[in-house]
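Student: Predicted model, plus sequence, below.
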Amino acid sequence: MSPVLTLGVVGAVATLLVLFEMLRRQRLREKYAVIWVVVAVGTVLLVIFPGLLTRASTLLGVQVPSNLLFFAASMLLLLLSIQFSYEIGRLEDRTRTLAEEVALLNLRLEQLTADDPSGPVEATEDDLGGDPGGGTGDGLRRD
Amino acid sequence: MSGRPDQRILVVIPAWNEAGAIAGTIAEVRASQPDLDILVVDDGSGDGTGAVARSAGAQVVRLPFNLGVGGAMRTGYRYAMQEGYDVVVQIDADGQHDPSYLPQLLAGLEDSDVVIGARFAGEGSYAARGPRRWAMRMLAAVLSRLAGTRLTDVTSGFRVANRRAVRVFADHYPAEYLGDTVESLVIALRVGCTVSQQPVHMRPRTIGTASQSPLRAATYLVRAVVALALALVRRWPAATETLGQEK
């Protein structure tokens, strides 16, 4: 094995180890690990069987095999970035909904405790990390 | 003459860092329409807007962080649905909308589901120039066509909606750029609500000015075109995994 190929194997194995450790510590969810495992295993395969890459290049008419590798790698990264943008958008959407729900529940709680003078809690903006100057709820009188 | 007497009307005021203006706006709404309930949606303000609004006598719902007008308004619409209001009035916190026009807007609900308080519609004076003006013209033209009636000021944040439209907005009120104005109208129209307008005079903003530099106006034009195009082609009903369960 040439030094360059050894580099490929070392990189792939290191990636697999990091992934394994992150999964073990529950820092990474399986659905995101799968694609990286596939990439790492693919790299190892290409290192062991370099003929695969040359054959694929000839088939596709790419003159320099490494160019095919670069192209495939950048396309993969592009697609993953798009997927992450999608996931972030979905998370933002959910966060937004949760924020709205929390705000409405908080108002509801305020109204309930205002109706009931023995109410155990005061839900003010302090609980939400809001401005400390915030007063008690409207009509939340203690007499 | 604030709509029919049996209607329960909620005024929703989205407010972000408007501690200086909010009390005046609430007082003004009270003065012109004493029997309406007022809900201020404090959109994650850091200046105590919520506390000011509460001491001014409004109900306050406080978002834990800033969501933009779209998020604030959807919260308001959902509150209106929960509490069974028939009509929701949206009015800006900064005092540029004059609540004395409310009777006209509410009267407009007789024959449409959403009524916009519109500048450029004969009353008041408001001049926009250059790309910003083109953008507003373009938005107005496209939405007028969709609505089948003349709309001159689709980016106005002064509007009233009846229960039919409130139900739609409680589920779908976009947080995207121009979503709270243009896209929400497109959504309402696409689900079959009717939209009309009433002429209003708007006061100059008390705080802040609309961007008038040519570059920013041009950016506005581009973003408006993109936002409108997306609103028109977006698959509908949109992905509603988080809210679809509510009916």
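Tutor: Perfect, I can see it now.

Student: which strands and helices sit next to the helix ranked longest in chain A?
Tutor: In chain A, with assignment by DSSP state H, the single longest helix is helix A:65-115. Packed against helix A:65-115, as judged by 3 or more C-beta pairs under 8 Å, 6 or more residues apart in numbering or on different chains; DSSP states H and E, are the following elements: helix A:30-48, helix A:50-60, strand B:59-62, helix B:68-83. C-beta coordinates here come from the backbone N, C-alpha and C atoms, glycine included.

Student: any idea how far B:Leu67 is from B:Gly44?
Tutor: 7 Å (C-beta to C-beta, to the nearest Å).

Student: Comparing the two, which residue is more hemmed in?
Tutor: B:Leu67 (25 against 22; other C-beta atoms under 10 Å in any protein chain shown).

Student: Per-residue confidence, that one, what does it come out as?
Tutor: With respect to pLDDT, B:Leu67 has a value of 92.

Student: Now do the SS call for B:Pro64.
Tutor: coil (DSSP: H, G, I helix; E, B strand; the rest coil).

Student: Go ahead and confirm it touches A:Val102.
Tutor: Yes - using C-beta atoms under 8 Å, B:Pro64 is in contact with A:Val102, at 6.0 Å.

Student: Report the secondary structure state of B:Arg164.
Tutor: Relying on three-state DSSP, one would call B:Arg164 helix.

Student: With adjacent residues omitted, what lies nearest to B:Glu83?
Tutor: B:Leu10 (7.3 Å; C-beta to C-beta, 6 or more residues apart in numbering or on different chains).

Student: part of a helix, is that neighbour?
Tutor: No - assigned with three-state DSSP, B:Leu10 falls outside any helix and is strand.

Student: where does it land on pLDDT?
Tutor: Model confidence at B:Leu10 (pLDDT) stands at 95.

Student: Spit out the contact partners of it.
Tutor: Taking C-beta atoms under 8 Å, 6 or more residues apart in numbering or on different chains, we find B:Leu10 in contact with B:Leu36, B:Asp37, B:Ile38, B:Leu39, B:Gly76, B:Tyr79, B:Ala80, B:Glu83, B:Tyr85, B:Val87, B:Val88, B:Val89.

Student: So in terms of bridging, what pairs with it?
Tutor: The partner list for B:Leu10 in beta bridges (DSSP bridges) reads B:Asp37, B:Val88.

Student: Can you pull the poorly scored residue ranges out of chain B?
Tutor: B:1-5, B:120-129, B:205-212, B:236-247 (pLDDT under 70).

Student: Enumerate the residues of it near chain A.
Tutor: By C-beta under 8 Å from any C-beta of the partner chain, the residues of chain B that approach chain A are B:41-42, B:45-48, B:50-51, B:54-55, B:57, B:59-65, B:67, B:71, B:74-75, B:78-79, B:82, B:175, B:242-243.

Student: Narrow the residues you listed to just the buried residues.
Tutor: Buried members of the residues of chain B next to chain A, counted by 16 or more other C-beta atoms under 10 Å in any protein chain shown: B:41-42, B:45, B:47-48, B:50-51, B:54, B:59-64, B:67, B:71, B:74-75, B:78-79, B:175, B:242-243.

Student: quick one: the closest residue in space to B:Thr181 that isn't next to it in sequence from chain A, how far?
Tutor: Distances taken as C-beta to C-beta, 6+ apart place B:Thr155 nearest to B:Thr181, at 4.6 Å, with adjacent residues excluded. Per C-beta to the nearest C-beta, to the nearest Å, B:Thr155 is found 22 Å from chain A.

Student: Report the separation between B:Thr155 and B:Asp92.
Tutor: Counting by C-beta to C-beta, the gap from B:Thr155 to B:Asp92 is 12 Å.

Student: can you check B:Ala23 too?
Tutor: Distance from B:Ala23 to B:Asp92, by C-beta to C-beta: 14 Å.

Student: which SS state does B:Ala141 fall under?
Tutor: helix.

Student: how close does it get to chain A?
Tutor: B:Ala141 is 30 Å from chain A, where distance means C-beta to the nearest C-beta.

Student: Now do the helices in chain B.
Tutor: B:19-32, B:49-55, B:68-83, B:102-108, B:130-147, B:163-171, B:184-190, B:214-233.

Student: and of the helices and strands packed on helix A:65-115, who's closest to B:Leu230?
Tutor: The closest of the helices and strands packed on helix A:65-115 to B:Leu230 is helix B:68-83. By C-beta to C-beta, the value is 14.1 Å.

Student: what is the orientation angle of that closest one with helix A:65-115?
Tutor: 50 degrees (axes from the mean of the first three to the mean of the last three C-alpha atoms, to 10 degrees).

Student: in chain B, which residue is closest to the centre?
Tutor: In chain B, the centroid-proximal residue (C-alpha atoms, centre = their mean) is B:Gly157; its distance is 3.5 Å.

Student: Would you quantify the distance from that one to B:Gln90?
Tutor: 6 Å.

Student: Find residues that contact each of the two.
Tutor: With C-beta under 8 Å, 6+ apart, B:Gly157 and B:Gln90 have common neighbours B:Pro14.
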